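> okay, here's the prediction I keep looking at, along with the sequence it came from:
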Amino acid sequence: MVTIVKCPTCKRPVEWSQESVYRPFCSDRCRLIDLGAWFGEQHRIPDESSTAADELPPDSSEES
């Protein structure tokens, strides 16, 4: 049985197999659009360490 997934960029069905060289994308164009979105920071992985650091009280040694 062949698994069918949706292209993350255009939502077209893509066969998940060795013949699908751009999987999970349907084409090189969709792959490059997604890569450009990462480079342009439209896609981001949340940085949990910065939000945790923002919640800490200020260090009293920094006030000197």
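Nice, I can see it. Residues are numbered from 1 along each chain as shown.
> residues contacting the residue most central in space within the chain?
What sits nearest the mean C-alpha location of the chain, by Cα atoms, centre = their mean, is H43, with 5.3 Å. Contacts for H43 were tallied using Cβ atoms under 8 Å, 6 or more residues apart in numbering; they are D34, A37. C-beta: built from backbone N, CA, C; applies to glycine.
> that one falls within a helix, correct?
No: the assignment for H43, made by DSSP: H, G, I helix; E, B strand; the rest coil, is coil rather than a helix.
> in stretch 15-27, what counts as buried?
For stretch 15-27, burial by neighbour count (16 or more other Cβ atoms under 10 Å) applies to R23, F25, C26.
> and for stretch 3-15?
Neighbour counts over stretch 3-15 (16+ other Cβ under 10 Å) mark C7, P8, T9, V14 as buried.
> output it as CSV, restricted to C-alpha atoms.
Extracted C-alpha coordinates of stretch 3-15, given in CSV (Å, rounded to 0.1, in the frame of the first residue of the first chain):
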residue,chain,number,x,y,z
THR,A,3,1.1,6.3,1.5
ILE,A,4,-0.2,9.6,0.1
VAL,A,5,0.7,12.9,1.9
LYS,A,6,-0.2,16.5,1.1
CYS,A,7,2.6,18.8,-0.2
PRO,A,8,3.2,21.3,2.7
THR,A,9,3.3,24.2,0.2
CYS,A,10,0.5,23.6,-2.3
LYS,A,11,-1.5,20.8,-0.6
ARG,A,12,-1.4,18.5,-3.7
PRO,A,13,-1.3,14.8,-3.1
VAL,A,14,2.2,13.3,-3.1
GLU,A,15,3.0,9.6,-3.2
